[in-house]
Structure formats: structure tokens, C-alpha cells
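*Asks:* here's a sequence, model it:
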Amino acid sequence: MHAVVIKVSMNDRSAAQAQLSELVPRVSAMPGFVAAYWIALSPNTGTAIHVFDSEASAQALLAQVESAPAGAVTADSVEVGQVMAHA
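*Replies:* All right, here's what the predicted structure looks like:
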């Protein structure tokens, strides 16, 4: 399994929350999807963790994030890594 870890800045938290209603089903429908978590760390920052069954599937999400236009949420960093363990 591989995870995509995205650190974000939220320019408009209410709009960011509203966008999740369309983002969650879109991400969960991606090939190889296992699980995802969107975490608000403060009023203006957050982290999203998306787990996929393969590196290729994780890289597909990374490509989408890197090409997405800025809006209510700005991706500050996007990384793909191998999941070493889970519980």
C-alpha cells in the first residue's frame, strides 16, 4: 500500500468544508482506493492522508493534486510514501 500525504492551507475554511461533499466521493471512486482522512489541524491548516493499494494509484492522485487550481484550499506539499504498517 502507498499513501498520499497532503499538507494544505485553507483560505476559506467554510468553502473548503463544502468542497469535501464532492471531493470525498470522487477520491473514494478512484482505482485502488483504500481509505482517506481529511484533518483540520487549525482554522487555516490541514492534512489529508489517502491510502491506495499501489504506488501507481497513489501517483495518480498526486498528479491530480499538483494540477489542481488554487481555491479555498492550497496544497503546500504533496508526498507519496509506502505504508509500512497499519492498525
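*Asks:* where do the helices sit along this protein?
*Replies:* Per DSSP state H, the chain has helices spanning 13-28, 55-67. These are given in chain order.
*Asks:* list the buried ones in the longest one?
*Replies:* Meaning helix 13-28. By neighbour count on 16 or more other C-beta atoms under 10 Å, the buried set for helix 13-28 is 13, 16, 27. The way it works is simple: take the backbone N, C-alpha and C, and place the C-beta from them, glycine included.
*Asks:* about what we covered before: would you single out the least confident of the helices of the chain?
*Replies:* Lowest mean pLDDT within the helices of the chain: helix 13-28, a mean of 92.
*Asks:* got the angle for that helix vs helix 55-67?
*Replies:* In terms of direction (axes from the mean of the first three to the mean of the last three C-alpha atoms, to 10 degrees), helix 13-28 departs from helix 55-67 by 150 degrees.
*Asks:* got TSV for the helices of the chain, with distance to residue 81 too?
*Replies:* Listed next are these as TSV, based on distance: least, C-beta to C-beta, whole Å:
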stretch	distance to residue 81
helix 13-28	17
helix 55-67	8
